[in-house]
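Trainee: Here is my input; please provide its structure:
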Amino acid sequence: MALEQIKQTLRTFAEVEARGVSPLYDHLATRAAEDDDVAGLLADARGGEARGTLLMAAAHRLVQADPIHPLSRYYPSLGGFDGVDGETWPLFRSFLLERKDKAREIIASRYTQTNEVRRAALVYPAISVAAKEAGGKIALLEVGCSAGLLLGLDRFAYRYQCDGGVQLVAGPAKAAVGLHCSLDLAPGAVLPKLPKKVAIGARAGLDRAPVDLADEDELAWLEACVWADQPDRIRLLRTAAAEQRKHAPTLITGDGIDDLAPAAASLPAELPLVVLTSHALAYFGDRRAAFVEELAKLSADRPVWWVTEGFYGAALDLVLPDRPDLAAAVPGTGEMCVLGLVRFTDGKPEARALARTTPHGQRMTWLPA
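Mentor: Down below sits the predicted model:
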């Protein structure tokens, strides 16, 4: 990717994803977008991977390895408590460029693999709908699963805070992982009916580079992909990782399109198939339509549902086009993504937009049917 394109990618990351969410990453990405030397580090990224999230994760990993460096005081994930000030960028720049060879090695060999546990609270209602329509146990296949933490979503406890003090709860009462999510209603919408549990009869994850949580270096990279000024997310990640190791799912190394059919075939054929993607299709580039075609082919052999959570223009627009209302961010809420449910019958998709969502699972607004 050309340098000017990389710099524009960093600007977009700062303005669209980080602004109002992460003051640290907003500041660093904005300044990096104007710095040829720092932005140029992303030139070593694999095709399509030159992203702001990758640069921030590489820097985070290097700070993890040198936690007494003065830069760490801006990283709450490492115990820092200083807010962004006039020294933040100069320290970051010199720190990264002094370690540019290590930074390039990370950037050239790694993918961004944010396994955001809180997104389970966003997708649980959609998977519940799919399971109800399936009429029994389901097989769950997550594409772009990273460490597969979302595959344990039936073992998490959920508490949805609604208007008027109403709460919806689901999941086991004594779960090790408890998730909280604000749930609002769009005009004309009614609260979803959430079952206490979802019956998952089999589960597997498919990823080009699955994360082995038994490997401390791999776990450290997963933590580095979490935004450094959001330490609660890292603590939740560690709790979910410890729980997942007790119930390790099958994780398959492969391409999300070329290896989708074999991965699906590894799950019992008698179970209806629910395929989950959470912000994964953004990494598929111009192959996104091929992914939908593969899903359609799978429905020739068994019932198939696709639960998708992410940016509208990266996934749901393929099967529910011409919805500019889903593409625009909801003002004042941080809800820039959408939760969708697609049922395939004999290769034909029937798509529904269920909710507007925030990227990291803090809140959602349920949409009318």
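Trainee: Do you have the strands of the stretch 1-150 of the chain handy? List them.
Mentor: For the stretch 1-150 of the chain, applying DSSP state E, counting those that start in this stretch gives strands covering 138-143.
Trainee: what residue ranges in it score low on pLDDT?
Mentor: The model of the stretch 1-150 of the chain has no residue with pLDDT under 70.
Trainee: any idea where the helices of it begin and end?
Mentor: 3-12, 23-32, 36-39, 52-65, 88-98, 100-109, 119-134 (DSSP state H, counting those that start in this stretch).
Trainee: Tell me which of those helices lies nearest to D217.
Mentor: Ranking these by proximity to D217 (C-beta to C-beta) places helix 52-65 first, at 9.5 Å. No exception for glycine: its C-beta is placed from N, CA and C like everyone else's.
Trainee: Buried residues, that closest one. List them.
Mentor: For helix 52-65, burial by neighbour count (16 or more other C-beta atoms under 10 Å) applies to 52-64.
Trainee: In TSV: these, plus distance to G80.
Mentor: Formatted as TSV, those follow (distance: C-beta to C-beta, whole Å):
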residue	distance to G80
G52	20
T53	20
L54	22
L55	19
M56	15
A57	17
A58	18
A59	13
H60	12
R61	16
L62	15
V63	9
Q64	12
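Trainee: The spatially closest residue to R93 that is not a sequence neighbour: how many residues sit nearby?
Mentor: Leaving aside its chain neighbours, R93 sits nearest to V38 (5.9 Å; criterion: C-beta to C-beta, 6 or more residues apart in numbering). Look at V38: counted by other C-beta atoms under 10 Å, it has 24 neighbours.
Trainee: Check A202 too.
Mentor: 17.
Trainee: Just to be sure, it is in a strand?
Mentor: Yes - checked against DSSP: H, G, I helix; E, B strand; the rest coil, A202 lies within a strand.
Trainee: Let's see the pLDDT reported for the closest residue to H279 other than its chain neighbours.
Mentor: Leaving out its chain neighbours, the residue that sits closest to H279 by C-beta to C-beta, 6+ apart is G310, at 4.3 Å. For G310, the pLDDT comes out at 95.
Trainee: Identify the residues contacting G310.
Mentor: By C-beta atoms under 8 Å, 6 or more residues apart in numbering, the residues touching G310 are 277-282, 316, 337-338.
Trainee: swap in A204?
Mentor: 139-142, 151, 249-252, 263, 266-267.
Trainee: which of these sit farthest apart?
Mentor: Farthest pair in those (C-beta to C-beta) is A139 and L251. Separation: 15.0 Å.
Trainee: more neighbours, those two?
Mentor: The residue with more neighbours, out of A139 and L251, is A139; 23 against 20, by other C-beta under 10 Å.
Trainee: Settle this for me: the more buried one is touching V274, isn't it.
Mentor: Yes - the pair A139 / V274 is scored as a contact, 7.0 Å apart, by C-beta atoms under 8 Å.
Trainee: just checking, W306 is part of a strand?
Mentor: Yes - assigned with three-state DSSP, W306 falls within a strand.
Trainee: Now it. Nearest residue, chain neighbours left out?
Mentor: V342 (4.2 Å).
Trainee: Dig out what that neighbour forms beta bridges with.
Mentor: For V342, the beta-bridge partners are W306, A351 (DSSP bridges).
Trainee: If I follow the layout properly, it ends up in contact with R352?
Mentor: Yes - if you go by C-beta under 8 Å, V342 and R352 touch, sitting 7.5 Å apart.
Trainee: for V338, helix, strand, or coil?
Mentor: When classified by three-state DSSP, V338 comes out as strand.
Trainee: what sits against I257?
Mentor: Contact analysis of I257 by C-beta under 8 Å, 6+ apart lists 284, 287, 290-291, 294.
Trainee: just G40 next, same as before
Mentor: 3, 6 are the contacts of G40 under C-beta under 8 Å, 6+ apart.
Trainee: returning to what we had before: got a PyMOL select line for the buried ones in the contacts of A204?
Mentor: Buried subset of these, written as a PyMOL selection, criterion 16+ other C-beta under 10 Å:
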select buried, resi 139+140+141+142+151+249+250+251+252+263+267
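Trainee: check contacts around Q167.
Mentor: Per C-beta under 8 Å, 6+ apart, neighbours of Q167: 159-161.
Trainee: can I get those in CSV with distance to G135, secondary structure and pLDDT?
Mentor: Shown next, in CSV, are the contacts of Q167 (distance: C-beta to C-beta, whole Å; DSSP: H, G, I helix; E, B strand; the rest coil; pLDDT from 0 to 100):
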residue, distance to G135, secondary structure, pLDDT
R159, 27, strand, 97
Y160, 25, strand, 98
Q161, 30, strand, 97
